[in-house]
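Peer 1: Below are the sequence and a predicted model; questions follow.
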Amino acid sequence: MKAPSSYARIYATVRRIPKGRVASYGQVAALAGLPQQARQVGYALAALRRSDRGVPWQRVVNARGEISARAEPGAEGLQRLLLEREGVRFDAAGRIDLARHGWRPRARRSKSKRSK
């Protein structure tokens with residue numbers, strides 16, 4: 001298991017995903033500085049408690065735009081409901097159009113560029 005600091009980076013990245021948008025596990029991992037560790041994102045999100053309301057876990061889906069299976073009974077249905085409430089639409093196969101609803105974050109400016 002990775003150090004809790006990696007979980008904190010994952011949670012910080014997930015908090016940046018705007019309402020009505022989704023990101024893939026791999027995208028979150030890369031943006032959190034953990035490339036090739038999409039599974040680690042899944043572990044971090046599974047470790048969230050119900051009291052961790054500040055992390056919009058529902059906005060993370062797999063690379064095909066599908067909701068991934070979760071160990072908690074009913075979690076997939078809850079995730080879909082939460083996303084639909086945010087305006088995310090699913091096709092007949094249960095997939096999200098990532099071209100339409102995918103999150104495309106702006107590159108963060110480095111401190112050196114801001115101080116010039």
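Peer 2: Structure's in. What do you need? Residues are numbered from 1 along each chain as shown.
Peer 1: can you give me the strands in this structure?
Peer 2: 23-24, 60-61 (DSSP state E).
Peer 1: winner for burial among those strands?
Peer 2: strand 60-61 (a mean of 25; mean count of other CB atoms under 10 Å). All C-beta spots, glycine's among them, are computed from the backbone N, C-alpha and C.
Peer 1: residues in contact with residue 36?
Peer 2: For residue 36, the contacting residues are residue 29, by CB atoms under 8 Å, 6 or more residues apart in numbering.
Peer 1: which non-adjacent residue is nearest residue 54?
Peer 2: residue 15 (6.5 Å; CB to CB, 6 or more residues apart in numbering).
Peer 1: Next, format the strands of the chain as TSV and append distance to residue 53 and mean pLDDT.
Peer 2: What follows is those, written out as TSV (distance: least, CB to CB, whole Å; pLDDT from 0 to 100):
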stretch	distance to residue 53	mean pLDDT
strand 23-24	19	98
strand 60-61	15	97
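Peer 1: Next up, the contacts around residue 29.
Peer 2: Applying CB under 8 Å, 6+ apart to residue 29 gives the contacts 10, 35-38, 40-41.
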